[in-house]
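>>> The following comprises the amino acid sequence and a computationally predicted model.
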Amino acid sequence: MKVFIVGGTGFVGVNLASRLRARGDAVTVMGQSPARPRGLDEAVPIVAGDARFPGAWQESIAGHDVVINLAGASIFTRWSDAAKKVIRESRILTTRNVVDALPAGGGVTLVSTSAVGYYGFHGDEELGEDAGPGSDFLARLCVDWEGEARRATERGARVVITRFGIVLGPGGGVLGQMAPLFKLGLGGPLGSGRQWLSWVHVDDLFEAMLHVTGRSGDGGAYNLTAPAPVTNRELTRELARVLRRPAFLPAPSFAVRLVLGEFGNVILKGQRVLPRRLLAEGFTFRYPTMASALDALAPTL
């Protein structure tokens, strides 16, 4: 297949491109800069452009069998009004422009990223792909984001929505923020510690993306999360174990909200999401538990 990756010069895009090529696919990536990121195969063409705006880059999508949209500004920041605008526009406008660039004759699969924040906050309730959306900022954003992607069905495309959990991998992300504190003996649960974290090891994320791009038939939503979500307290315990450090200093809820503002609710509440479609289709997770994921990542922390 010929695959075009929007937002393909970031960590996920570069590694996904490598795996698609290993599978035998021809891959083109798009990023805001023409500079070749570290680790991207020299044989992979780069299209430079800002997908928030219509432009010549849209012509490059023609002739591809699969278009994967990974673009979106990080949500891991304090949510000021300005930050919310950037977070929203980087998803809504980009997806709108990608869909507008798809050929009208159909035959294309659009794989569009979303997040488990779609479901909002549900306490201990287990959530599959058929659960309804929440009403907070992130949930409403995901609803609108997915709505833009589903417009592609009007152009005859097969649309797959991939709702990412928190991605655990080397080189940054949530573990990159937590590990330094734990190494100093300053780690501990956040708030009550009872809130659920729906997560996925980055290797399983890549394999799940290959799984959904390689299928035919109906599209729809997939939860890209491990089958064993954990509470924040369980994550704290496992991270302390692999780093061989104590984790006795909890961060009270008011302090988290003071530092992170509205985004603090995402950290303090969370959701318990299960990958029911992947499991029903026979997908096998290499790292199904937090312990197995952190053991594998320990040398990089």
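Arrived safely, thanks for sending. Numbers count the residues shown, from 1 in each chain.

>>> From the rest of the structure, what touches stretch 28-47?
Applying Cβ atoms under 8 Å, 6 or more residues apart in numbering, the contact partners of stretch 28-47 are 2-10, 13-15, 17-18, 21, 27, 48-51, 57, 60, 64. Where you see a C-beta, it was placed from the backbone N, CA and C, and this is true even at glycine.

>>> Restrict that stretch to CA atoms and write it as CSV.
Only the C-alpha atoms of stretch 28-47 are listed here, as CSV (Å, rounded to 0.1, in the frame of the first residue of the first chain):
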residue,chain,number,x,y,z
THR,A,28,5.4,9.6,2.5
VAL,A,29,5.5,11.7,5.7
MET,A,30,4.4,15.3,6.1
GLY,A,31,5.7,17.8,8.7
GLN,A,32,6.0,21.6,9.1
SER,A,33,9.8,21.5,8.4
PRO,A,34,11.5,19.8,5.4
ALA,A,35,14.4,18.8,7.8
ARG,A,36,14.7,15.0,8.1
PRO,A,37,14.1,13.9,11.7
ARG,A,38,16.5,11.5,13.3
GLY,A,39,15.6,7.9,12.6
LEU,A,40,13.5,8.5,9.4
ASP,A,41,14.6,6.2,6.6
GLU,A,42,16.4,8.2,3.8
ALA,A,43,14.1,6.6,1.3
VAL,A,44,11.0,8.1,2.9
PRO,A,45,10.0,11.4,1.1
ILE,A,46,9.1,14.4,3.2
VAL,A,47,6.4,16.9,2.3
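
>>> For the protein, which segments are assigned as helices?
Assigned by DSSP state H, the chain shows helices spanning 11-23, 81-101, 137-150, 173-183, 202-213, 232-243, 253-260, 264-268, 276-280, 290-297.

>>> Compare those and give me the one nearest Leu70.
For Leu70, the closest of the helices of the chain is helix 11-23, at 5.3 Å, according to Cβ to Cβ.

>>> Out of the helices of the chain, flag the one nearest Ile166.
Of all those, helix 173-183 sits nearest to Ile166, with 5.5 Å by Cβ to Cβ.

>>> hmm, who's touching that closest one?
Contacts with helix 173-183, where a contact means Cβ under 8 Å, 6+ apart, come from 76, 166-169, 187, 239-240, 243, 245, 247, 297, 301.

>>> same thing but 7 Å
Helix 173-183 has contacts (Cβ atoms under 7 Å, 6 or more residues apart in numbering) with 166-168, 187, 239-240, 243, 245, 247, 297, 301.

>>> min pLDDT across the residues you listed, which one?
Ranked by pLDDT, the contacts of helix 173-183 bottom out at Ala247 (81).

>>> For that one, give me its contacts.
Listed by Cβ under 7 Å, 6+ apart, the contact partners of Ala247 are 182, 187-188, 236-237, 240.

>>> Weed out the non-buried ones from those residues.
Neighbour-count burial (16 or more other Cβ atoms under 10 Å) applied to the contacts of Ala247 gives 182, 187-188, 236-237, 240.

>>> Relative to Gly261, which of those is nearest.
Nearest to Gly261, judged by Cβ to Cβ, of these is Gly188 at 20.8 Å.

>>> For that closest one, give its distance to Pro250.
The gap separating Gly188 from Pro250 is 4 Å, by Cβ to Cβ, to the nearest Å.

>>> and which of the contacts of Ala247 is nearest Leu260?
Lowest distance from Leu260 to those (Cβ to Cβ) belongs to Gly188, with 16.0 Å.

>>> For that closest one, give me phi and psi.
As for Gly188, its main-chain torsions (degrees, to the nearest 10) stand at phi 170, psi 170.

>>> my guess is it contacts Thr236, does it?
Yes - taking contacts as Cβ atoms under 7 Å, Gly188 lies within contact range of Thr236: 6.2 Å.

>>> Turn the contacts of helix 173-183 into TSV, columns for distance to Ser80.
As requested, these are exported to TSV (distance: Cβ to Cβ, whole Å):
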residue	distance to Ser80
Ile166	22
Val167	24
Leu168	27
Gly187	27
Leu239	29
Ala240	32
Leu243	32
Arg245	33
Ala247	30
Leu297	32
Leu301	30
